[in-house]
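K.L.:
No sequence on hand, only this structure:
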């Protein structure tokens, strides 16, 4: 089961944007954040793929979910205009955003290229 983030858990596990102007990832493993909504059909297509990826990669990566309906502040911080939006957060360097219901192969390529993680 993927963890759902709120503003408070986001600040402790990913990035405390209230205290820091410069990006500083707080996590212990690279992460992928899925900005979604319950009514979004493409989001529903991505959900099982993300669950599968979390099982396959285990503790090498963390996959979080943010419900844009409940957590509008977080969606605003990242300028999320369309969903699903997926934020790839490496241990070092800047996060990268992708949009749309991506196929599993595209996720795997981004996990390798952006997050620098292999199975």
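P.N.:
Now that the structure is in, tell me what you want to look at. It should be emphasised that the depicted structure is a prediction, and the values quoted were computed from it without experimental measurement. Numbering: from 1, shown residues only.
K.L.:
ranges for the helices of this protein?
P.N.:
7-13, 41-57, 72-77, 104-113 (DSSP state H).
K.L.:
Columns mean neighbour count, mean pLDDT and distance to residue 1 on top of the ones you listed, output as CSV?
P.N.:
C-beta coordinates here come from the backbone N, C-alpha and C atoms, glycine included. Formatted as CSV, the helices of the chain follow (neighbours: other CB atoms under 10 Å; pLDDT from 0 to 100; distance: least, CB to CB, whole Å):
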stretch, mean neighbour count, mean pLDDT, distance to residue 1
helix 7-13, 15, 96, 15
helix 41-57, 15, 97, 8
helix 72-77, 14, 94, 20
helix 104-113, 15, 96, 18
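K.L.:
Distance to residue 66 for those helices - can I get that in JSON lines?
P.N.:
Below are the helices of the chain laid out as JSON lines (distance: least, CB to CB, whole Å):
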{"stretch": "helix 7-13", "distance to residue 66": "7"}
{"stretch": "helix 41-57", "distance to residue 66": "11"}
{"stretch": "helix 72-77", "distance to residue 66": "5"}
{"stretch": "helix 104-113", "distance to residue 66": "17"}
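K.L.:
who wins for proximity to residue 84 among these?
P.N.:
When the helices of the chain are compared by CB to CB, helix 41-57 sits nearest residue 84, at 4.6 Å.
K.L.:
what comes into contact with the closest one?
P.N.:
Helix 41-57 has contacts (CB atoms under 8 Å, 6 or more residues apart in numbering) with 1-2, 32, 34, 36-37, 61, 63, 65, 83-84, 86, 100-104, 107-108, 111, 117, 119.
K.L.:
10 Å - rerun?
P.N.:
Defining contact as CB atoms under 10 Å, 6 or more residues apart in numbering, one finds that helix 41-57 is touched by 1-3, 29-30, 32, 34-38, 40, 60-65, 67-68, 82-86, 99-104, 106-108, 111, 115, 117-119.
K.L.:
what's near enough to touch the most far-flung residue of the chain relative to its centre?
P.N.:
Distance from the centre of the chain peaks at residue 19, with 20.7 Å (CA atoms, centre = their mean). Taking CB under 10 Å, 6+ apart, we find residue 19 in contact with residue 11.
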